[in-house]
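No sequence on hand, only this structure:
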């Protein structure tokens with residue numbers, strides 16, 4: 001894709017979980033603990049919430065209240081009308097690693113993945129589950145055996161797509177009326193599931209590392225390839241139809257803007273928490289697609 005890539009905002013540690021909501025771009029900055037929002041052009045920057053234990057996935061309840069993942073203490077927080085944050089759901093007894101990305105459906109049910117192992121300290125790669133947090137805070141495991149379940153996308157037809165960053169694939173499920181996930185299958189496969197359980201070895205066996213993602217109106221999934229320095233558009237079956245190279249590593253993306261055709265991409269030199277927390281090289285860039 002030859003459309004120009006422009007910088008929207010920069011000077012952050014590690015931007016993640018971009019969302020287009022109410023005419024603004026929202027995102028988390030991992031190591032400053034901030035949930036931010038800006039206009040499409042990057043102006044009018046606002047701090048929407050402070051999450052000391054590291055914010056990640058974002059979503060909204062039907063009544064408009066913000067939900068935000070607090071990664072390190074494995075909780076989902078809820079922002080009340082007065083701006084205070086309260087615990088919406090406690091997953092500390094369920095998740096086996098840092099909580100990660102999240103999607104919230106029209107009924108207020110939050111689907112959230114987790115790392116499954118201690119990534120930053122070099123623990124062996126291990127599978128993880130996806131959990132559902134209901135509006136009353138009840139937590140239920142809805143899928144298991146996933147290799148670093150990352151972005152979760154809820155399609156209008158009831159299909160749920162889960163990016164498996166260490167699995168070389170994107171898995172699909174059917175969502176039942178009560179919020180369950182059934183009929184697990186491979187939606188797109190980039191290569192075999194790595195057999196090496198050491199982080200470095202597993203990364204070396206990946207053909208693509210699907211991190212953040214965003215569905216478009218045509219049923220394609222825009223996927224940040226965390227190892228390939230690119231964002232790709234994938235359709236069911238695994239065919240890549242488009243590719244954007246932002247000039248550095250890409251870790252998440254979201255479609256938005258006034259016409260819905262702007263792809264916002266979170267970029268950084270790498271994902272090492274020690275390097276990223278000590279620098280301000282995270283940014284969000286944008287490109288017109290579709």
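That came through, no problem. Not measured: the values here are computed from a predicted model.

from here on, contacts and neighbour counts on C-alpha atoms
Fine.

Let me know the secondary structure of residue 96.
Per DSSP: H, G, I helix; E, B strand; the rest coil, the secondary structure class of residue 96 is coil.

Touching, it and residue 128? I think so.
Yes - Residue 96 is within contact range of residue 128, at 6.8 Å (criterion: Cα atoms under 8 Å).

Could you check which of those two has the larger neighbour count?
Each of residue 96 and residue 128 has its neighbours counted (other Cα atoms under 10 Å); residue 128 has more, 22 against 19.

which ones are touching the more buried one?
By Cα atoms under 8 Å, 6 or more residues apart in numbering, the contact set of residue 128 is 95, 96, 113, 114, 115, 116, 144, 145, 146, 147, 148, 149.

Return the distance of the strand or helix carrying the third one from the chain's centre.
Okay, so that is residue 113. Assigned by DSSP states H and E, residue 113 falls within strand 110-114. Chain-centre distance of strand 110-114: 10 Å, with Cα atoms, centre = their mean, to the nearest Å.

What average pLDDT does that strand get?
Mean per-residue pLDDT for strand 110-114: 98.

average pLDDT across stretch 236-243?
Here the average pLDDT along stretch 236-243 is 98.

hmm, back to that, find the residues that touch each one of residue 96 and residue 128.
114, 115, 116.

would JSON lines of those with distance to residue 228 and neighbour count be doable?
Below are those laid out as JSON lines (distance: Cα to Cα, whole Å; neighbours: other Cα atoms under 10 Å):
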{"residue": "114", "distance to residue 228": "22", "neighbour count": "27"}
{"residue": "115", "distance to residue 228": "20", "neighbour count": "26"}
{"residue": "116", "distance to residue 228": "23", "neighbour count": "24"}
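
Can you lay out the residues you listed as TSV showing distance to residue 89?
Conversion of these to TSV gives the following (distance: Cα to Cα, whole Å):
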residue	distance to residue 89
114	14
115	18
116	18
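
And those residues, which is closest to residue 138?
residue 114 (17.1 Å; Cα to Cα).

Can you show me the helices along the chain?
Taking DSSP state H as the test, the helices found in the chain are 199-204, 273-277.

any chance of those in JSON lines, with distance to residue 78, mean neighbour count and mean pLDDT too?
Formatted as JSON lines, the helices of the chain follow (distance: least, Cα to Cα, whole Å; neighbours: other Cα atoms under 10 Å; pLDDT from 0 to 100):
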{"stretch": "helix 199-204", "distance to residue 78": "33", "mean neighbour count": "15", "mean pLDDT": "96"}
{"stretch": "helix 273-277", "distance to residue 78": "25", "mean neighbour count": "15", "mean pLDDT": "96"}
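
For residue 63, find the nearest of those helices.
Here helix 273-277 is closest among the helices of the chain (Cα to Cα), at 34.1 Å.

Tell me the residue in this structure that is farthest from the middle.
Most distant residue from the mean C-alpha position of the chain: residue 82, 26.8 Å away (Cα atoms, centre = their mean).

quick one: that one from residue 53, how far?
When distance is defined by Cα to Cα, to the nearest Å, residue 82 is 21 Å away from residue 53.

Check residue 14 too.
Applying Cα to Cα, the value for residue 14 to residue 53 is 14 Å.

Appreciated, that's everything.
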